[in-house]
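Novice: can you look at this prediction? I've put the sequence above it.
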Amino acid sequence: MNEAVPILMYHAVGHRPAPPAFDLSVAPEAFAEQMELLGERGFTPVTTARLARAWRQGEPLPPRPVLITFDDGYEGVHRHALPVLARHGFASTLFVSTGWLRGGHETGGALDTMLDWHQVRELAASGAEIGGHSHTHPQLDQLDDIRLRYEARRCREIITGELGAAPVSFAYPYGYSSSRVRRIVRAAGFTQSLAVGNALARRRQGPHALERVTVRRTTGIEEFERLVEGRALVRSFARDRALTKGYAMVRRSRRGVRVLRGAVSSVVL
């Protein structure tokens, strides 16, 4: 059984994404070239749920498995990525922030034009797995338990109601999680969850901390080939890793201050 699997993390796919979504977007032509390379190199895309079943239950994986995942739910995934995926017969997983999608559950705050639920259903009908990505896309590790449970459960509830099937996979917004976040997401009914990490996914990471590799606007085809082959990941993402460690320290400090303030307030009251 494969010990390491590349999980590719995409966001927006478009010619002219809105500025807040630009850096983590890819051009449609670049996406098509990347998918062509996967086919030429013999990779077989699978869904997040299938990878989890393989590592949990011993279900066989195809040769050279790879995961193609999209976060947030940008409209360009339907407009530009779906035709390419369909042409190659590639599976994918779309993680949606339900409050960002256009429709009756919309809360605002989206960074660009998002999918509507008709488009999400078309993606699901094409074979894409639809997973959760919270309701309003917050930094989950900064929320108290009540709000954190709401974000996970509300997201799962809406997807279930709109698609008629409960999602089983989840991706942490911004990649941020903690043992508390993972525990609550698991309790909400998600059986596997994805972080970022910019490393290949391995079974030993556990079903709720699987790592992914970021594909962004500046990822050229040669770098993409190195990423999917698992080469030079440490060098390619050295700056990202340094920033991630710094952000983690800041978030833990902020969380600690909020907990302390809450404790002090309860004593005063």
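Specialist: Sure thing, it's come through. Note that this is a predicted model, so its numbers are computed, not measured.

Novice: residues in contact with the nearest residue to residue 116 once chain neighbours are set aside?
Specialist: Nearest residue to residue 116, sequence neighbours excluded (C-beta to C-beta, 6 or more residues apart in numbering): residue 102, at 4.1 Å. Using the backbone N, CA and C atoms, a C-beta is placed for each residue, glycine as well. Shown here is residue 102, whose contacts under the criterion C-beta atoms under 8 Å, 6 or more residues apart in numbering are 114, 115, 116, 117.

Novice: for residue 102, give its distance to residue 9.
Specialist: Counting by C-beta to C-beta, to the nearest Å, the separation of residue 102 from residue 9 is 23 Å.

Novice: what's the burial count for the closest residue to residue 205 other than its chain neighbours?
Specialist: Spatial nearest neighbour of residue 205, excluding adjacent residues (C-beta to C-beta, 6+ apart): residue 211 at 6.1 Å. Residues lying near residue 211 (other C-beta atoms under 10 Å) number 21.

Novice: secondary structure class for residue 211?
Specialist: strand (DSSP: H, G, I helix; E, B strand; the rest coil).

Novice: wait, it sits on residue 7?
Specialist: Yes. With contact defined as C-beta atoms under 8 Å, residue 211 reaches residue 7; the gap is 7.1 Å.

Novice: distance of the residue nearest to residue 116 relative to residue 78?
Specialist: Residue 102 is 11 Å from residue 78, by C-beta to C-beta.

Novice: joint contacts of these two?
Specialist: residue 115.

Novice: returning to that earlier point: tell me which of the contacts of residue 102 fall in helices.
Specialist: Among those, the residues falling in helices (DSSP state H) are residue 117.
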